[in-house]
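*Asks:* Structure, please.
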Amino acid sequence: MSGYADEGCKVSKDPTYKHTIDYSMVKGNIIFDMYQRALDIVLSLIGLLIGVPLIIIFGILIKIEDNGPITYNQERLGKDGKKFYIYKLRSMRTDAEKFGAQWADKDDPRITKVGKFIRKTRIDEIPQLFNILKGEMSIIGPRPERPSFTEEFNKEIPGFINRLAIKPGLTGWAQVNGGYEITPEQKLIEDVYYIKNRSITLDLKILFKTVKVVLTGDGAR
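*Replies:* Now for the predicted structure:
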């Protein structure tokens with residue numbers, strides 16, 4: 001649910017932040033990690049049963065609209081600053097970032113007709129369930145950023161890299177409280193709150209809020 005255009009921009013190689021991340025703020029233990037991994041696997045499998053047909057249907061519509069690629073992948077930073085490639089259904093024109101990465105406006109002209117719908121309903125995020133099954137992401141956690149953006153934000157907002165103390169998520173406290181409209185500063189505050197207060201109760205609250213966001217399209221651009 002990042003506010004950036006997130007379409008096809010190549011990123012530069014950035015430093016690993018593992019030795020500068022503050023892990024002392026992370027609440028939880030091995031039992032919580034086991035619970036969260038089990039939740040990730042169960043919800044991802046359920047989500048894919050529903051999501052694969054949607055990927056096929058909207059994949060066809062994306063292809064029909066402009067004959068461009070259906071999906072795209074992009075380098076992001078995961079837990080400990082480890083790089084991985086995130087998967088998404090393409091929601092913007094193929095030349096969306098020919099001039100570099102930029103914010104996605106509310107009525108961004110680069111968003112395709114199909115893209116507008118799948119962004120509002122978050123259908124474009126469904127392929128990330130594969131990232132979750134692979135263990136690169138979790139259902140709940142801070143949204144993964146590009147290496148270049150993380151480096152830039154950490155210079156402007158000291159401590160931004162502390163979001164890398166846990167696995168990135170498909171949804172999270174920052175997403176349900178700000179969505180696409182949230183600023184990097186607000187994102188850090190919300191994500192640190194989650195990292196410091198992780199619990200089953202908070203996870204359930206985030207999941208319920210996520211359902212509301214998907215059904216209402218709140219925070220979409």
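
*Asks:* which element is residue 74 on?
*Replies:* strand 71-77 (DSSP states H and E).

*Asks:* Can you give me the buried ones in whichever helix or strand comes after that strand?
*Replies:* Counting by DSSP H and E, the next helix or strand C-terminal to strand 71-77 is strand 83-89. With burial defined by 16 or more other CB atoms under 10 Å, the residues of strand 83-89 counted as buried are 83-84, 86-89. Where C-beta positions appear, they are placed from N, C-alpha and C, glycine not excepted.

*Asks:* Extract the CA atoms of the very next helix or strand once past strand 83-89 and return them as CSV.
*Replies:* Later in the chain than strand 83-89, the nearest helix or strand by DSSP H and E is helix 113-120. What follows is helix 113-120, C-alpha atoms only, in CSV (Å, rounded to 0.1, in the frame of the first residue of the first chain):
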residue,chain,number,x,y,z
LYS,A,113,-8.7,1.9,-16.0
VAL,A,114,-8.3,-1.7,-14.6
GLY,A,115,-5.5,-0.4,-12.3
LYS,A,116,-7.8,2.1,-10.7
PHE,A,117,-10.2,-0.7,-9.6
ILE,A,118,-7.5,-3.2,-8.5
ARG,A,119,-5.7,-0.6,-6.4
LYS,A,120,-8.9,0.5,-4.7
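
*Asks:* now helix 113-120, how far from the centre of its chain.
*Replies:* 16 Å (CA atoms, centre = their mean, to the nearest Å).

*Asks:* Now the element after that helix, going C-ward?
*Replies:* Criterion used, DSSP H and E; the element after helix 113-120 is helix 128-133.

*Asks:* what does that next one contact?
*Replies:* When contacts are defined by CB atoms under 8 Å, 6 or more residues apart in numbering, helix 128-133 is touched by residues 40-41, 44-45, 47-48, 51, 84, 86-88, 137-139, 170.

*Asks:* got the buried residues for that helix?
*Replies:* Quick answer for helix 128-133 (16+ other CB under 10 Å): 128-129, 131-132.

*Asks:* Let me have those in CSV, extended by distance to residue 149 and pLDDT.
*Replies:* Shown next, in CSV, are the buried residues of helix 128-133 (distance: CB to CB, whole Å; pLDDT from 0 to 100):
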residue, distance to residue 149, pLDDT
128, 18, 97
129, 23, 97
131, 18, 97
132, 21, 98
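
*Asks:* Tabulate these (TSV), appending distance to residue 33.
*Replies:* Output for the buried residues of helix 128-133, formatted as TSV (distance: CB to CB, whole Å):
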residue	distance to residue 33
128	20
129	19
131	17
132	14
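
*Asks:* Which single one of the residues you listed is nearest to residue 32?
*Replies:* Of all these, the one with the least separation from residue 32 (CB to CB) is residue 132, at 16.8 Å.

*Asks:* So residue 133 versus residue 37, what's the distance?
*Replies:* As judged by CB to CB, to the nearest Å, residue 133 and residue 37 stand 11 Å apart.

*Asks:* What backbone torsions are found at the residue most central in space within the chain?
*Replies:* Centroid-nearest residue in the chain: residue 143, 3.9 Å away (criterion: CA atoms, centre = their mean). Dihedral angles of residue 143 (phi, psi; degrees, to the nearest 10) stand at phi -70, psi 140.

*Asks:* my guess is it meets residue 167, correct?
*Replies:* No - Residue 143 lies out of contact with residue 167 (CB atoms under 8 Å); the separation is 11.3 Å.
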